[in-house]
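Q: quick one, structure for this:
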Amino acid sequence: MSETETIAAISTPPGEGGIGIIRISGDQALAVGAKILRQRSGNPVTTWPERKVRLGYVVTAEDDPIDEVIYFYFKKNRSYTGEDVLEIQGHGGYQNLKRILSTILQAGARAAEPGEFTQRAFLNGRLDLAQAEAVIDLIRSRTDLAQKIALNQLRGSLSGVIKEQEDKLLALLVPIEGALDFPEDEIPDLERSKAQKEIQAIRSNVANLLAGAERGIILRDAATVVIAGRPNVGKSSLLNQLLGEERAIVTPIPGTTRDFVSEIIDLEGVPIRLIDTAGVRASVDPVEKAGVEKAYRLMAEADLILVIFDAATPLTTEDRELITFLAEKQPIIVLNKTDLPVKLPTAFFPTALPGAKIRSISALTGEGIPALKAEIRQAIMGTGGSEEQPVLVTRIRHQEALKEALGLLDLVAQGLEEQLSEDLLAVNLRASLEALGRITGRSVSDEIIKEIFSQFCIGK
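A: Below you'll find the model as predicted:
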């Protein structure tokens, strides 16, 4: 990948649409545009007023029209990528946009790689790495709340907090390193009591960011909630109730669900990936047996398990085996079919699964579903803090960097208290600064940058 080449890509999704967008970015953007664009009169385009929409045609090398388009130009100091950008908007449709892009590439541009426009924005200082990651989070957000958080990060909310901590660490580190490098100069000694207060303040800010990280990661990635139980207890019916539509097949025949069914719902701003699993029971059918094994694997990996029991039927061997498997978990116990006479010994559950929440529902009538949804949301998000706080960490990469920085800050605080030498303090101060710098991209490897931008779609 060359950062000096002019690149182009279709920026709208494949398929038919009223409009399709192609972007060209690089020093030769206008030179490429001059070759393939014509005014409505058919004359070549010779002037490029910035940020003003013009109507014209895209033409082939032989001057044959391909499409009527609008186009506009952004100078590099005002563009998304930090380079000259020419945007062309034509009629949507695969073949039309493909022909326009092919003509642009023949005129001297190169096909952009995934995320290359945003990568250039990062490399040219238009965005830091946390903001660049927020771009893809904004595109992929599944709920209004996730979209709001991604937009806040794109606007620099997280970056601003990190930058503030970095500035404070630098203010402590620079005089220490100055005194070590130039001992003959009269640089004031480190005021350890003042430095201790500063470190504790920085540490508190980092800890606050970490406190919301688990909630933020869930809002970005979605929590996995597995619906489990023996056959015919109402797993698929519950899935349909939670989704608000008939997604899973419901029949009285045991073993109907042989593989898992997965859907994502918006639970008051929290994205939840619901998984309806095969009924857990012993089976000689190889397909059903594989489904049961998969159900156990999904339960082991789930953020939360909804384990369903038929309240109108006494406990079975399959029920007891499932309870044994869930002994180390914290599932929500769902007692279904409460519209029928209850025959299940409900007093058994607090002893068998201590600490597990119990909810009674009827997947047939919908009774108890709103309360169950509230229980699911609370189990996933907890009660501490607020997922609507203005700055929320949403990536494991950021979380790990903050954990490392917090541990190093603890060492600095301990070193100040134990009167360790300033050269030892400087080592941990510098390391904590580097850890925070990985979030914004100030200190991050090329491999990490490449991995992040490879997750983007082509055209962004």
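
Q: can we go C-alpha only for contacts and neighbour counts from here?
A: Will do.

Q: packing partners of the strand or helix carrying Ala290?
A: Element membership of Ala290 [criterion: DSSP states H and E] is helix 286-301. Counting contacts by 3 or more Cα pairs under 8 Å, 6 or more residues apart in numbering; DSSP states H and E, helix 286-301 packs against strand 223-228.

Q: the following helix or strand past the strand it packs on packs against which elements?
A: Downstream of strand 223-228, the next assigned helix or strand under DSSP H and E is helix 235-243. In terms of contacts (3+ Cα pairs under 8 Å, 6+ apart), helix 235-243 is packed against strand 223-228, strand 261-267, strand 270-276, helix 369-381.

Q: quick one: Ala146 and Ala222 touch, right?
A: No: Ala146 is beyond contact range of Ala222, at 9.7 Å (criterion: Cα atoms under 8 Å).

Q: list residues touching both of the two?
A: Common contacts of Ala146 and Ala222 (Cα atoms under 8 Å, 6 or more residues apart in numbering): Val270.

Q: out of the two, which sits in the busier spot?
A: Using other Cα atoms under 10 Å, the more surrounded residue of Ala146 and Ala222 is Ala146, with 27 against 24.

Q: not counting sequence-adjacent ones, nearest residue to the more buried one?
A: Computed as Cα to Cα, 6 or more residues apart in numbering, the closest residue to Ala146 that is not its neighbour in sequence is Leu219, at 5.6 Å.

Q: go on, Ile264?
A: Arg273 (4.3 Å).

Q: and the one you found, what does it touch?
A: Ala222, Ala223, Thr224, Val225, Ser262, Glu263, Ile264, Ile265.

Q: quick one: low-confidence ranges for the stretch 151-300 of the chain?
A: 177-190, 245-260, 282-286, 288 (pLDDT under 70).

Q: if you set the cut-off to 80 instead, what comes out?
A: 174-192, 245-260, 279-289 (pLDDT under 80).

Q: how about the contacts made by Gly355?
A: Gly355 touches Gln330, counting by Cα under 8 Å, 6+ apart.

Q: Leu392 now?
A: Counted by Cα under 8 Å, 6+ apart, Leu392 has contacts Ile149, Leu158, Leu209, Gly212, Ala213, Gly216.

Q: how is it assigned, secondary-structure-wise?
A: Look at Leu392: counting by DSSP: H, G, I helix; E, B strand; the rest coil, its state is coil.

Q: what's the distance between it and His398?
A: 10 Å (Cα to Cα, to the nearest Å).

Q: could you do Asp63 as well?
A: Counting by Cα to Cα, the gap from Asp63 to His398 is 51 Å.

Q: tell me which of these two has more neighbours.
A: A side-by-side neighbour count of Asp63 and His398, using other Cα under 10 Å, places His398 first with 21 against 14.

Q: burial count for the spatially closest residue to that one that is not a sequence neighbour?
A: Sequence neighbours aside, Ile439 is the residue nearest to His398 in space, at 5.6 Å (criterion: Cα to Cα, 6+ apart). Close neighbours of Ile439, defined as other Cα under 10 Å, add up to 26.

Q: beyond the strand or helix carrying Ile439, next helix or strand please.
A: For Ile439, the enclosing helix or strand under DSSP H and E is helix 422-440. Counting by DSSP H and E, the next helix or strand C-terminal to helix 422-440 is helix 446-453.

Q: any chance of the contacts of Arg273 in TSV with distance to Ala112 as columns?
A: Formatted as TSV, these follow (distance: Cα to Cα, whole Å):
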residue	distance to Ala112
Ala222	30
Ala223	33
Thr224	34
Val225	38
Ser262	34
Glu263	33
Ile264	32
Ile265	34
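
Q: and which of these is nearest to Ala312?
A: Val225 (24.4 Å; Cα to Cα).

Q: report the contact partners of Leu364.
A: Residues near Leu364 by Cα under 8 Å, 6+ apart: Ser237, Lys337.

Q: quick one: buried ones out of the contacts of Arg273?
A: Buried by 16 or more other Cα atoms under 10 Å: Ala222, Ala223, Thr224, Val225, Ser262, Ile264, Ile265, out of these.

Q: among the residues you listed, which one sits closest to Ala356?
A: The nearest one, if we look at the buried ones among the contacts of Arg273 relative to Ala356 and count by Cα to Cα, is Val225, at 15.0 Å.

Q: how near is the closest one to Ile264?
A: 10 Å.

Q: which neighbours do the two share?
A: Contacts common to Val225 and Ile264, judged by Cα under 8 Å, 6+ apart, are Ile272, Arg273, Leu274.

Q: residue boundaries of the strands in this protein?
A: Under the criterion DSSP state E, the chain carries strands at the ranges 7-10, 20-25, 37-39, 54-59, 65-74, 85-90, 110-111, 223-228, 261-267, 270-276, 304-310, 332-336, 357-360.

Q: mean pLDDT lowest for which of those?
A: Note on those: strand 261-267 shows the lowest mean pLDDT, a mean of 88.

Q: what's next to that one, contact-wise?
A: Here strand 261-267 has contacts from 142-143, 222, 242-243, 248, 271-277, 373, 377, using Cα under 8 Å, 6+ apart.

Q: give the ChimeraX command for selecting the buried subset of these.
A: Filtering the contacts of strand 261-267 down to the buried ones (16+ other Cα under 10 Å) takes a single ChimeraX command:
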select :142,143,222,242,243,248,271,272,273,274,275,276,277,377
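
Q: which two among the contacts of strand 261-267 are spaced furthest apart?
A: Going by Cα to Cα, the pair spanning the contacts of strand 261-267 furthest: Thr143 and Thr277, at 24.6 Å.

Q: list the contacts of Ala371.
A: Ala371 neighbours (Cα under 8 Å, 6+ apart): Arg359.

Q: now do it against Thr143, distance only.
A: Here Ala371 is placed at a distance of 21 Å from Thr143 (Cα to Cα).

Q: then Ala426?
A: Applying Cα to Cα, the value for Ala426 to Thr143 is 43 Å.
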